[in-house]
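>>> Have a look at this prediction, sequence included:
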Amino acid sequence: MTGNRLVVLAGPTAVGKGTVAAAVREQHPDVWISVSVTTRRARPGEVDGVHYHFVDDVEFDRLVAEGELLEWAVVHKAARYGTPRGPVVTSLEAGRPSMLEIDLQGARQVRETMPEAVFVFLKPPSWDELVRRLVGRGTETAEERERRLDTARAELAAEREFDVTIVNHEVHAAADELVALMESGTSSSA
């Protein structure tokens, strides 16, 4: 691998990981961002291969069995998500700034296999703001929202496991802070 380090972005549900990743993709096209696979159904507006690779359980099982995933987990006691290994390795070998936008379980697995990565925790400005964002999405049932909020409480407690924390007050500012971190190659706290 070259001198570029992998940046792993994680944080609680509804904190805006996907939105921040989209802003990085839009403002900094030189940054490679992994596209995860998932067994959950696409939300309105999501495009297969852009937002996620939507697969069925049989295909996900094949990817796991053949060692094609860098990490994977069952999220919110429902769908499975994972990061295809090949594209990550290819991007890092090509010397591109590279980022994974994944959940806490996945970040822990990546730390085991790629401890040289920089682990960034995306934090909401407050609990109330996190709840507002989750409810405001309008993409989950009341039961799913409660399950995600239960998960978020545990995820917030994991902040100390990360190298750097970025508070997502505003999406573009958080994206710029993340890219600045990638470009500096440091792991100092933000």
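Cool, the structure landed.

>>> all helices for the protein, in order.
In the chain, the segments counted as helices under DSSP state H are 17-27, 57-65, 85-93, 104-113, 127-137, 142-156, 171-184.

>>> so which of these gets nearest A73?
Closest to A73 of the helices of the chain, according to Cβ to Cβ: helix 104-113, at 3.6 Å. C-betas here are computed from N, CA, C, even on glycine.

>>> got the buried residues for the helix or strand of the chain with the lowest mean pLDDT?
Counting by mean pLDDT, DSSP states H and E, the chain has its least confident helix or strand at helix 127-137, which shows a mean of 84. Neighbour-count burial for helix 127-137, counted by 16 or more other Cβ atoms under 10 Å, picks out L130, R133, L134.

>>> who's in contact with the residue lying closest to E46 once chain neighbours are set aside?
Closest residue in space to E46, ignoring its immediate chain neighbours: Y52 at 6.6 Å, by Cβ to Cβ, 6 or more residues apart in numbering. By Cβ atoms under 8 Å, 6 or more residues apart in numbering, the contact set of Y52 is V35, S36, V37, T38, R40, A42, E46, Y81.

>>> beta partners for Y52?
D48 (DSSP bridges).

>>> returning to that earlier point: please identify which pair of the contacts of Y52 lies farthest apart.
Maximum distance among the contacts of Y52 (Cβ to Cβ): 14.2 Å, for V35 and R40.

>>> So for those two, which residue has more residues nearby?
More crowded of V35 and R40, by other Cβ atoms under 10 Å: V35, with 17 against 14.

>>> tell me, how many neighbours does the closest residue to that one other than its chain neighbours end up with?
Closest residue to V35 apart from its sequence neighbours, by Cβ to Cβ, 6+ apart: H53 at 6.0 Å. A count of neighbours around H53, defined by other Cβ under 10 Å, yields 16.

>>> Poorly predicted segments of this protein, please.
Scanning the chain for pLDDT under 70 picks out 1-4, 76, 185-190.

>>> Contacts for stretch 70-87, please.
Identification of contacts with stretch 70-87 by Cβ under 8 Å, 6+ apart yields 13, 32, 34-40, 52-53, 57, 60, 63-64, 67-69, 88, 100, 102-103, 105-107, 109-110, 113-114, 144, 147-148, 151.
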